[in-house]
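Peer 1: only geometry, no sequence info:
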């Protein structure tokens, strides 16, 4: 099982060094760790889609993201680390996020502490990398596991929904799983599916009845 | 039968005695004769205890007289060769006596005169004149003969550094007519020291060596009074057409150790009274005159740095106050003599009493005890200024009245200038500087008041004297307290300077702090990674080495911040020194450039001109660092190009030399409504994108305080890059 971690920092050297450090530390672990390091995305809205598309299991994020510019676009981002959390949480409520920063006591960051797994002082991270990497690995694994469970459940419940055998409780569970997996759905859509199936069955029955009636009618004329 | 006048011998004495006011005048006249005789040294001895009923000896190394000179000029009463030969041969001195009766001064001093004189390459002549013979009634002057002296050789004084003269004159007077007291000696000493104007180029050619057994404290070479520098000095010259050209020098209000000058010219029509009404000036009769006046203020604060304290100034003024007249460089008594009714011949006392307005009023008038001066006229250049027959003073003709007018015009110029300087209130300057100035002025005014009270006390008695003494004592205590307050202000100002420096270091951490913290983390991380590489099996030495060298690079960044912080409050920077502002700016920009680039802020010097000035480097640095930090914080708020520029150059402002420091950026500038209050402590326009204030509010307050401490001016305007441009101007001599 491979854990994928995303590192986001506007300073190339810092990001590269952190990546190197985590890889070094994690190299002895039984869990395979894959690191992706990225310059901060153009917009806070870009994080959730990226995480989902790239199957990321944990995020390590710097707070001061606007110090250095993107060399390609020659632009600085216009937000800070804690600004990412709001958007991210609405899409990925249980996704592990760690903020690694030189300013762990920043007021705005601290006020968003409940949205993150931990706010880590950069120097503390450096001194206790092994401890933090283990912690991150565990959180990422848990997230991965919960995601896997949810996918299995989704499959099972979707089949039930397709066969029209979904009860109310199961429908709620299916919606919940969909929400967990950030899949788009409408309220009552499983009922709609059953209804369609039911309707199709009813139509099929009716069609059978009509066919039977026709056949019977043909026989009498003879 | 041819008849002719006969002259009683006594008439000659009467002429002499009436022409010479007192013994002091008589001695001075005889010394003047030595001056006219081109002597470089005169020995004057007054010996009260001499067995011949006292003795006065005046001996010089002048040109002396031959037998012919004695016969044809010295013995001819009323004749003076100074009428035909007005300029002395050797030193080109304009000769002083013209009436030919100066020699009669000897009679004023004692009954017996021994004249010994010798010209170079001639035989000496010696005569004994017994003035008692002139007092015999009915005796004609021609009947009196003088005893020839066997020993006719004069005792010729030798001046150090000169060759012994072979010519000279010695007058020895015995059977003195008066007893010389210490007061008389003191007065004589003063007269002789004021004989010539106190300017070294004149005084050094004529030396008077004085010795008496009455008041030995005055024995020695009579030194011409060194002139103290007044609060305002005036030098003026009048041309033959009455045009007055003057130069005033006075302390720079911003820096009393420096003196400023102003010059001007006034036509005679502007100098003479009532000219405009009549439409025509009275013709100028005075000739070429020059005037030097020194105005003194008895305030301890204004004496700071002058080398004089109030007590010394008082003593100086007691001896020297008054405007004296010199003709051909020899004083014309009694103008400016403190003990004479002509001491205040300009009427300054009466003017002051009529209008005692202080310096801040337009009608301010100088008091007579505040002015020391000299008026220089010449017999040839101002022929209409004529000696009165009493050998004292001048005839008060039109020329003399014009002289008074001209000198008063000069006094008016000084009064106007002092009023102008007293009325100016510094609008710039730090709070500490203004507080110091206020306390200093207060102490100065109180000390002046104490002086006046002291003078008053000597003129009253009884309870009033006691009350005045008590008030003076109270004022003395207040002055002490003012001095203590000033010291405290100075100490607090010094502390403030250091605090501002330290605060600036703190503010600059906005630039350095993040970088340094990141560097510390990088060093830590890289060293640990190096360790990890080395613990691998097999050890990855090359990778470890790379990590360690990367760590060293970051250590250097940490070191540079440490140095930056420590150097900001270095002791040397707290002293006023000659500094190259350009070098200072370039150095600081170089130090800040790297850390600022880590946040993509491009800092550079836009243009600089070599500027050197005496200033406090710590304050200039604090100003620059705060302005640059301010700009850095501003531009970091925005994406894209982040530019901060600095410039330094020379600039004159309001007629003063100075230099200018400017910092500008490509931010969004200062909103108009904030322009006035951005300098207030704890006010910040800086907000984050949620509108939350995130500046300290101290940077610009420190800038303003530091600029004012250096007597500068700070302003903000829209800069060329669209953001704010801060411009600080400082006065100073720029090289």
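Peer 2: All right, it came through fine. The model shown is predicted, which means the values in this text are computed figures rather than measured ones.
Peer 1: I'd like to know how many residues surround residue 181.
Peer 2: In the absence of a named chain, chain A is used. When neighbours are counted by other CB atoms under 10 Å in any protein chain shown, residue A:181 registers 16. In short, each C-beta sits where N, CA and C put it, glycine included.
Peer 1: think we crossed wires, I meant chain B
Peer 2: Neighbour tally, residue B:181, other CB under 10 Å: 12.
Peer 1: show the pLDDT at it.
Peer 2: Per-residue pLDDT puts residue B:181 at 92.
Peer 1: that one reaches residue B:214, doesn't it?
Peer 2: Yes. Look at residue B:181 against residue B:214 with CB atoms under 8 Å: they come within range, at 6.8 Å.
Peer 1: run through the neighbouring helices and strands of the longest helix seen in chain B.
Peer 2: Secondary structure of chain B per DSSP state H: the longest helix is helix B:462-535. Applying 3 or more CB pairs under 8 Å, 6 or more residues apart in numbering or on different chains; DSSP states H and E, we find helix B:462-535 packed against helix A:12-26, helix A:122-127, helix B:431-457, helix B:541-568, helix B:581-597, helix B:617-635, helix B:699-709.
Peer 1: JSON lines for those helices, including mean neighbour count and distance to residue A:69?
Peer 2: What follows is the helices and strands packed on helix B:462-535, written out as JSON lines (neighbours: other CB atoms under 10 Å in any protein chain shown; distance: least, CB to CB, whole Å):
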{"stretch": "helix A:12-26", "mean neighbour count": "19", "distance to residue A:69": "11"}
{"stretch": "helix A:122-127", "mean neighbour count": "20", "distance to residue A:69": "21"}
{"stretch": "helix B:431-457", "mean neighbour count": "17", "distance to residue A:69": "43"}
{"stretch": "helix B:541-568", "mean neighbour count": "16", "distance to residue A:69": "20"}
{"stretch": "helix B:581-597", "mean neighbour count": "18", "distance to residue A:69": "11"}
{"stretch": "helix B:617-635", "mean neighbour count": "25", "distance to residue A:69": "12"}
{"stretch": "helix B:699-709", "mean neighbour count": "24", "distance to residue A:69": "25"}
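Peer 1: so for residue A:172, which of these sits nearest?
Peer 2: Residue A:172 lies closest to helix A:12-26 among those, at 38.9 Å (CB to CB).
Peer 1: coming back round to it: least confident of the helices and strands packed on helix B:462-535, on average?
Peer 2: Least confident of those, judged by mean pLDDT, is helix B:431-457 with a mean of 73.
Peer 1: that helix packs against which elements?
Peer 2: Against helix B:431-457 (3+ CB pairs under 8 Å, 6+ apart) you get helix B:300-303, helix B:310-320, helix B:462-535, helix B:699-709.
Peer 1: tell me the most buried of these?
Peer 2: helix B:699-709 (a mean of 24; mean count of other CB atoms under 10 Å in any protein chain shown).
Peer 1: what angle separates that one from helix B:462-535?
Peer 2: Helix B:699-709 runs at 130 degrees relative to helix B:462-535, counting by axes from the mean of the first three to the mean of the last three CA atoms, to 10 degrees.
Peer 1: show me how far helix B:699-709 is from its chain's centre.
Peer 2: 33 Å (CA atoms, centre = their mean, to the nearest Å).
Peer 1: which residues of chain B lie near chain A?
Peer 2: Taking CB under 8 Å from any CB of the partner chain as the contact definition, chain B meets chain A at B:514, B:517-518, B:520-522, B:524-526, B:528-529, B:532-533, B:598-600, B:636, B:638-640, B:689.
Peer 1: how about 7 Å then?
Peer 2: B:514, B:517-518, B:520-522, B:524-526, B:528-529, B:532, B:599-600, B:639-640 (CB under 7 Å from any CB of the partner chain).
Peer 1: what residues are up against the residue nearest to residue B:528 when sequence neighbours are not counted?
Peer 2: Excluding the flanking residues, the one nearest residue B:528 by CB to CB, 6 or more residues apart in numbering or on different chains is residue A:126, at 6.5 Å. By CB atoms under 7 Å, 6 or more residues apart in numbering or on different chains, the contact set of residue A:126 is B:521, B:524, B:525, B:528.
Peer 1: let's see that with 6 Å instead.
Peer 2: When contacts are counted by CB atoms under 6 Å, 6 or more residues apart in numbering or on different chains, residue A:126 touches B:521, B:524, B:525.
Peer 1: for residue A:19, see how far away the last one is.
Peer 2: Read that as residue B:525. Residue B:525 is 11 Å from residue A:19, where distance means CB to CB, to the nearest Å.
Peer 1: using the three-state scheme, assign the residue nearest to residue B:61 when sequence neighbours are not counted.
Peer 2: Excluding the flanking residues, the one nearest residue B:61 by CB to CB, 6+ apart is residue B:165, at 3.8 Å. Classification of residue B:165 by DSSP: H, G, I helix; E, B strand; the rest coil places it in coil.
Peer 1: from residue B:58, how far off is residue B:165?
Peer 2: Residue B:165 is 15 Å from residue B:58, by CB to CB.
Peer 1: now do the contacts for residue 24.
Peer 2: Just so you know, I chose chain A. Taking CB under 6 Å, 6+ apart as the definition, contacts of residue A:24 comprise residue B:532.
Peer 1: sorry, should have said chain B
Peer 2: Counted by CB under 6 Å, 6+ apart, residue B:24 has contacts B:187, B:188, B:191.
Peer 1: go again using 8 Å as the cut-off
Peer 2: B:184, B:187, B:188, B:191 (CB atoms under 8 Å, 6 or more residues apart in numbering or on different chains).
Peer 1: and the pLDDT at residue 220?
Peer 2: Going with chain A. Looking at residue A:220, its pLDDT stands at 70.
Peer 1: I was thinking of chain B, sorry if that wasn't clear
Peer 2: 86.
Peer 1: so it is in contact with residue B:209, correct?
Peer 2: Yes. Assessed by CB under 8 Å, residue B:220 is found in contact with residue B:209 at 7.2 Å.
Peer 1: out of those two, name the residue with the larger neighbour count.
Peer 2: Under the criterion of other CB under 10 Å, the comparison of residue B:220 against residue B:209 puts residue B:209 first, with 16 against 12.
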